[in-house]
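Engineer: Sequence first, then the predicted structure, then my questions.
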Amino acid sequence: MDTGHWIVNCDLIESPYGFIYKITNLCSNKKYIGKKQIKTVLKRKPLKGKKNKRHRRVETDWREYYGSSDALNSARAEIGNQHFKRKILYWCANKNQMSYFEAREQFARDVLFKDEYYNGIISCRISSRGLKP
C-alpha cells in the first residue's frame, strides 16, 4: 500500500479501516496524536422513482492529511509542511479499535497536561464490539 509521506513502523493489517498517528513539529518538538479513516461511505439519494439508496466506499484524503487541530494547522501555515514529521503508530481494523487506541495513546502520554502536545481535547465513544479477538 502506498502511504504517501507517512512514516510507518508497524505491520500493515489486511484491509485497514484507519490508523492512529503522531505528527511532530521538528522545530519545536511539539506533537499531535490523532486518528484517521482510510475509507468512508459516500451516501447518495436514490434515483428518481427508486427506493434503494446508493452507497459507495471512497478513499479519504489520508495521504495528504495533517490533523484537525487548529493550533497544529496554524503552525503548519506559518512554517510549512516540510517541518513536520507524520508517523503511523497503529493500523486499525474498525472504528472501535481506532477510538480505543487513540484515547489510550492520548491518556498514556498525558496530552492534555503537557505543553508539548497540540491536543486540546480527548473525545471518545468506545464499544467492546470489534475490540475482542
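Structural biologist: That came through, no problem.

Engineer: Where does pLDDT dip in this structure?
Structural biologist: Across the chain, the ranges flagged by pLDDT under 70 are 132-133.

Engineer: Show me how far the helix or strand encompassing residue 56 is from its chain's centre.
Structural biologist: Taking DSSP states H and E as the definition, one finds residue 56 inside strand 54-59. A distance of 19 Å separates the centroid of the chain from that of strand 54-59, by Cα atoms, centre = their mean, to the nearest Å.

Engineer: next SSE after it?
Structural biologist: Next in line after strand 54-59, if elements are assigned by DSSP H and E, sits helix 70-79.

Engineer: For that following helix, output the C-alpha coordinates as PDB.
Structural biologist: Extracted in PDB, the C-alpha atoms of helix 70-79 (Å, rounded to 0.1, in the frame of the first residue of the first chain):
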ATOM      1  CA  ASP A  70      -6.400  24.500  14.800                       C
ATOM      2  CA  ALA A  71      -3.100  25.100  16.600                       C
ATOM      3  CA  LEU A  72      -1.300  22.500  14.600                       C
ATOM      4  CA  ASN A  73      -2.700  23.800  11.300                       C
ATOM      5  CA  SER A  74      -1.700  27.400  12.200                       C
ATOM      6  CA  ALA A  75       1.900  26.200  12.900                       C
ATOM      7  CA  ARG A  76       1.900  24.400   9.500                       C
ATOM      8  CA  ALA A  77       0.700  27.500   7.700                       C
ATOM      9  CA  GLU A  78       3.400  29.600   9.400                       C
ATOM     10  CA  ILE A  79       6.400  27.300   9.000                       C
END
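
Engineer: buried set for that helix?
Structural biologist: Neighbour counts over helix 70-79 (16 or more other Cβ atoms under 10 Å) mark 72, 75-76 as buried. C-beta: built from backbone N, CA, C; applies to glycine.
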